[in-house]
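Q: Here is my input; please provide its structure:
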Amino acid sequence: MVDVLCVPPGQTDQVWPIVERYIQAAVDYAATVDLDVLRANLRSGKYLLWLIIDGKAAMGAGVTSLSSANGVKLCTIIACGGTRMSDWLHLIDKIENWAREEGCARMSIWGRRGWSRGLMGYRQKAVILEKELDK
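A: Okay, the predicted model is just below:
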């Protein structure tokens, strides 16, 4: 059975070797956060690590952060990746429910454009454009 579990901040270092490749791939693709900063924020509890499992085998992972802007609390999935995404993408509702319990009024996702095709109820509000600069 596929499920998503929140990893307590004190256990992220133990789980990290299992999920690093999934988070690394997401960070490499979008380059929206530095991996070392992400790990430090996981250890401190500022970010939370979510483990996607099939039975006892890891098949993906995600990282969330909470923030507020203009009086609105927001939960952002800042990195997420794994294998067999169609088997676990629906589990985002568990993270959404957790965010509601935390008082969040919105969810946000940083990631590839393809996420918008698989996530019902999400709409593209902005894009991140990037250009390599000559040195």
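
Q: Might one say that Arg39 is in contact with Val15?
A: No - under the criterion of Cβ atoms under 8 Å, Arg39 is not in contact with Val15, lying 11.5 Å apart. Heads up, the C-betas are built off the backbone N, CA and C, glycines and all.

Q: Scan this protein for its longest strand.
A: Taking DSSP state E as the criterion, the chain has its longest strand at strand 57-69.

Q: Could you tell me the angle between the direction of the following helix or strand past that one and that of strand 57-69?
A: Using DSSP states H and E, the helix or strand that follows strand 57-69 in sequence is strand 72-82. Counting by axes from the mean of the first three to the mean of the last three Cα atoms, to 10 degrees, strand 72-82 lies at 160 degrees to strand 57-69.

Q: Please enumerate the strands of this structure.
A: Using DSSP E, the strands assigned to the chain run over residues 2-7, 47-54, 57-69, 72-82, 106-109.

Q: how far does the first one sit from the chain's center?
A: Meaning strand 2-7. 12 Å (Cα atoms, centre = their mean, to the nearest Å).

Q: If you count contacts, what does that strand end up packed against?
A: Under the contact criterion of 3 or more Cβ pairs under 8 Å, 6 or more residues apart in numbering; DSSP states H and E, strand 2-7 touches strand 47-54, helix 85-88, helix 92-101.

Q: Include mean neighbour count when you put the strands of the chain into TSV, please.
A: Below are those laid out as TSV (neighbours: other Cβ atoms under 10 Å):
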stretch	mean neighbour count
strand 2-7	16
strand 47-54	21
strand 57-69	18
strand 72-82	20
strand 106-109	16
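
Q: Check which residues of stretch 93-113 are buried.
A: By neighbour count on 16 or more other Cβ atoms under 10 Å, the buried set for stretch 93-113 is 95, 98-99, 104, 107-111.

Q: Pull out the buried residues from stretch 22-31.
A: 22-23, 26-27.

Q: Next step: the residues you listed restricted to helices.
A: 22-23, 26-27 (DSSP state H).

Q: Of all the helices and strands in this protein, which has the lowest average confidence?
A: Lowest on mean pLDDT, DSSP states H and E among the helices and strands of the chain sits helix 115-118, with a mean of 65.

Q: what's the longest strand of the chain in contact with?
A: Applying Cβ atoms under 8 Å, 6 or more residues apart in numbering, the external contacts of strand 57-69 come out as 2, 4, 18-19, 22-23, 38, 41-42, 46-53, 73-85, 87-88, 95, 99, 102, 104.
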